[in-house]
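>>> The following block contains a protein sequence and its predicted model.
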Amino acid sequence: MIKKSIAMLAMASLVLASCKKENAALRIDDATAKKAELAHAESGKLPVAKFETMDHDFGTINAGEKVNYTYKFKNEGTAPLLISDAKASCGCTVPSYTKEPVQPGATGEVQVIFDSTGKSGDVQKTVTLTLNTEKGTETLNFKAKIETKGIGTNAMTIGGGAAH
C-alpha cells in the first residue's frame, strides 16, 4: 500500500510539474514583439498610382504615322510603387515605363508609341499595367482618327464614265 501511495504521489507530482510549464507562445521577447509590430505596420503601407490622365486623344493623324504620348503619374501612397509589366491591346502599340521603384511622392512615366500603319478610321487602344498597388492593374486608353490619303479622290465611276 505504501508503494502504491508513493507511486501515486510521484505520478501526481509529474502531472503537476508538467502543467506548470509555460506555453511557448506566451514567451515572446521584446525584440520579437517589435519585429511583429513593425511587420504589421508595414503591411498597411501601399503605393498608389495617381495618373494626370488615363485617356489620350491623338486627334486626326495620317495612316502610317507613328505618334507617341507619355502618361505621367505620381506615387501618392506610403510604399515604393513598381510597375512589373505593360501589355498593349495590339502589336501596333509599344509601351515603355519607369523600371525602378517610384518612391512615395515621386513621379514616373509610361510612354506609348502607336504605329498607325495599316489602320484607318477611328481606333481605340489600351495599355494594361501590372503594379504592386492594392488594385494590381491600371488601364491606359488612347484613341485616334486615322485618315488614309488618296482614297476617294481620283476614283473612277464604274459603268458610266465621265460626263463631258
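Happy to help now that I have it. Numbering: from 1, shown residues only.
>>> tell me the contacts of Gly148?
In this structure residue 148 is Thr, not Gly. Asn62, Ala63, Ser120 (Cβ atoms under 8 Å, 6 or more residues apart in numbering). (Glycine included, C-beta is placed from N, CA and C.)
>>> distance of the first one from Lys87?
Asn62 sits 27 Å away from Lys87, taking Cβ to Cβ, to the nearest Å as the criterion.
>>> ranking the contacts of Thr148 by neighbours, who comes first?
Ala63 (16 neighbours; other Cβ atoms under 10 Å).
>>> Quick check: that residue touching Ser116?
Yes - using Cβ atoms under 8 Å, Ala63 makes contact with Ser116 at a distance of 5.6 Å.
>>> what do the two both touch?
Counting by Cβ under 8 Å, 6+ apart, the residues touching both Ala63 and Ser116 are Ile146.
>>> Leaving out sequence neighbours, find the closest residue to Gly44.
Thr78 (7.9 Å; Cβ to Cβ, 6 or more residues apart in numbering).
>>> Can you give me the neighbour number for the one you found?
13.
>>> Distance of it relative to Glu109?
21 Å.
>>> hmm, back to that, so of the contacts of Thr148, which ones are in strands?
Among the contacts of Thr148, the ones falling in strands (DSSP state E) are Asn62.
>>> Quick one: neighbours of Thr137, just the number.
11.
>>> actually Thr133, not the one I wrote
So Thr133, with other Cβ under 10 Å, has 19 neighbours.
>>> On the three-state scheme, it is what?
coil (DSSP: H, G, I helix; E, B strand; the rest coil).
>>> Which one of the contacts of Thr148 is nearest to Lys74?
Asn62 (34.0 Å; Cβ to Cβ).
>>> Just list whatever residues bridge to that closest one.
Beta-bridge partners for Asn62, by DSSP bridges, are Glu147.
>>> Now do the contacts for it.
Taking Cβ under 8 Å, 6+ apart as the test, what Asn62 contacts is Ser116, Ile146, Glu147, Thr148, Lys149.
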